[in-house]
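A.B. asks: Next input, structure requested:
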Amino acid sequence: MKILGIESTAHTLGFGLYDSDNDEIFQVKDMYKTPKGEGMVPRKVADHHQQVAGRLIDILTSKYSMKDVDAIAFSQGPGIGQCLQVGAFITRLFALKYKIPVIPVNHCQAHIEIGKWATGMRNPLIIYVSGGNTQIIIQEDEEYRVVGETLDIGMGNLFDALGREIGLEYAHGSVLEMMAKRGNYIPDIPYSVKGMNFVFAGLLTHASKRMTGKYNNEDIVYSVMHNAFAEVAEAAERALCLSHKKEVLLCGGVAQNKMFQKMLYKMAGYHGARFAVPDNEFNADNGAMIAYTGYLRYEKGITIPISMVKPRPKWRIDQE
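C.D. replies: Take a look at the predicted model:
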């Protein structure tokens with residue numbers, strides 16, 4: 001069985017294909033880069049997706065024939081409405097042209113499922129960190145339960161906003177990570193954990209109002225990253241002790257950060273739990289994770305009619 005997947009929740013338009021007969025994945029994608037000092041303007045990002053879609057489809061169909069595709073999965077949410085519309089439109093076109101069923105996929109679930117596939121984990125405590133989401137999740141009876149999460153902004157959005165505050169031309173997480181390696185810790189900056197929930201906005205406000213111009217950028221970035229990661233690690237440790245899980249999976253775009261990985265590796269080790277993180281190609285947004293999760297949902301008989309192929313920008317992982 002071959003499932004086509006389309007990812008378009010935010011800055012990345014991606015197409016992926018999962019071949020269940022060989023357990024193989026193929027993907028192709030293109031990411032929008034924000035201009036200096038500008039966040040992701042929804043209309044501009046959606047325009048990017050429309051402009052690169054044809055080229056990406058040509059690459060995909062040069063390797064696989066659409067006649068061999070059994071179903072199409074698309075990221076229905078959560079995400080930016082205008083970007084999700086692009087993916088939904090392409091999905092409707094493919095479904096109508098090739099008369100194949102459509103599978104709705106939750107973007108967050110896709111990160112988790114591809115993470116489990118890539119690492120071989122079966123029932124982990126899940127730490128999901130992306131631009132708009134930062135959550136601690138467990139799975140019970142095939143349903144996901146959020147046991148802790150950000151009460152304001154996602155970790156990825158925190159770092160993107162911080163990059164703009166300090167004047168970076170391209171405020172991507174990898175750029176900030178390189179800066180943090182040269183930084184030193186600044187004491188007395190906000191740190192807020194509430195049970196298994198956490199707050200990040202105070203870190204950003206403190207950095208922009210009290211640290212910028214007073215400290216060098218490397219120290220600011222390191223200190224904000226350190227406290228944000230430590231907040232999640234503390235909450236995750238509490239969740240690990242309560243859930244008695246023996247595996248810890250880190251996934252999502254921010255999961256690529258080595259500092260965060262090392263912190264969680266140590267935390268998991270203290271409790272005798274195995275820690276794992278997928279390769280970066282699967283942590284960054286991609287169509288392959290949508291295709292693979294689409295396959296899992298298709299096996300359970302989950303499909304929707306063409307009339308329901310529309311965005312769900314606020315679709316939580318603990319909702320169906």
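A.B. asks: how does the chain divide up, domain by domain?
C.D. replies: Residue ranges for the domains of the chain, per automatic domain parsing: 2-111+282-308, 122-280.
A.B. asks: can you tell which of these is closest to W315?
C.D. replies: W315 lies closest to domain 2-111+282-308 among the domains of the chain, at 3.5 Å (C-beta to C-beta). Backbone N, C-alpha and C define where each C-beta goes, glycine included.
A.B. asks: can you list the weak-confidence ranges in this structure?
C.D. replies: Residue ranges of the chain with pLDDT under 70: 37, 171.
A.B. asks: Now do the strands in it.
C.D. replies: Here the chain has its strands, by DSSP state E, at 2-7, 12-19, 24-31, 71-77, 102-106, 125-129, 134-140, 143-149, 193-194, 197-198, 247-251, 274-276.
A.B. asks: and those as JSON lines, adding mean neighbour count and distance to Y64?
C.D. replies: Formatted as JSON lines, these follow (neighbours: other C-beta atoms under 10 Å; distance: least, C-beta to C-beta, whole Å):
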{"stretch": "strand 2-7", "mean neighbour count": "27", "distance to Y64": "7"}
{"stretch": "strand 12-19", "mean neighbour count": "24", "distance to Y64": "6"}
{"stretch": "strand 24-31", "mean neighbour count": "18", "distance to Y64": "7"}
{"stretch": "strand 71-77", "mean neighbour count": "28", "distance to Y64": "12"}
{"stretch": "strand 102-106", "mean neighbour count": "25", "distance to Y64": "17"}
{"stretch": "strand 125-129", "mean neighbour count": "28", "distance to Y64": "29"}
{"stretch": "strand 134-140", "mean neighbour count": "21", "distance to Y64": "31"}
{"stretch": "strand 143-149", "mean neighbour count": "18", "distance to Y64": "30"}
{"stretch": "strand 193-194", "mean neighbour count": "14", "distance to Y64": "46"}
{"stretch": "strand 197-198", "mean neighbour count": "22", "distance to Y64": "42"}
{"stretch": "strand 247-251", "mean neighbour count": "26", "distance to Y64": "26"}
{"stretch": "strand 274-276", "mean neighbour count": "19", "distance to Y64": "29"}
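A.B. asks: Can you lay out these as a markdown table showing distance to N286?
C.D. replies: Converted to a markdown table, the strands of the chain look like this (distance: least, C-beta to C-beta, whole Å):
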| stretch | distance to N286 |
| --- | --- |
| strand 2-7 | 6 |
| strand 12-19 | 5 |
| strand 24-31 | 5 |
| strand 71-77 | 10 |
| strand 102-106 | 12 |
| strand 125-129 | 15 |
| strand 134-140 | 19 |
| strand 143-149 | 20 |
| strand 193-194 | 31 |
| strand 197-198 | 27 |
| strand 247-251 | 12 |
| strand 274-276 | 18 |
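A.B. asks: re earlier: what would the domains of the chain look like in JSON lines with distance to W315?
C.D. replies: Listed next are these as JSON lines, based on distance: least, C-beta to C-beta, whole Å:
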{"stretch": "domain 2-111+282-308", "distance to W315": "4"}
{"stretch": "domain 122-280", "distance to W315": "11"}
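A.B. asks: Which one of these lies nearest to K314?
C.D. replies: Nearest to K314 among these is domain 2-111+282-308 (5.7 Å), distances taken as C-beta to C-beta.
A.B. asks: what distance separates the start and the end of the closest one?
C.D. replies: Domain 2-111+282-308 has its terminal residues 22 Å apart, counting by C-alpha to C-alpha, to the nearest Å.
A.B. asks: same thing with stretch 142-158?
C.D. replies: First-to-last residue span, stretch 142-158, C-alpha to C-alpha: 31 Å.
A.B. asks: How about residues contacting it?
C.D. replies: Applying C-beta atoms under 8 Å, 6 or more residues apart in numbering, the contact partners of stretch 142-158 are 109, 112, 129-139, 161, 173, 194-201, 203-204, 224, 228, 232, 235-236, 238-239, 242-243, 252-254, 316-318.
A.B. asks: how about a cut-off of 7 Å?
C.D. replies: For stretch 142-158, contacts defined as C-beta atoms under 7 Å, 6 or more residues apart in numbering pick out 109, 129-138, 173, 194, 196-201, 203-204, 228, 235, 239, 253-254, 317-318.
A.B. asks: how many other residues sit next to W117?
C.D. replies: 19 (other C-beta atoms under 10 Å).
A.B. asks: Oops, could you answer that again for L93 instead?
C.D. replies: Counted with other C-beta under 10 Å, residues neighbouring L93 total 12.
A.B. asks: what's the distance between stretch 10-24 and the middle of its chain?
C.D. replies: 15 Å (C-alpha atoms, centre = their mean, to the nearest Å).
A.B. asks: Find the residue at the geometric middle of this structure.
C.D. replies: G252 (3.5 Å; C-alpha atoms, centre = their mean).
A.B. asks: With that, I have no additional questions.
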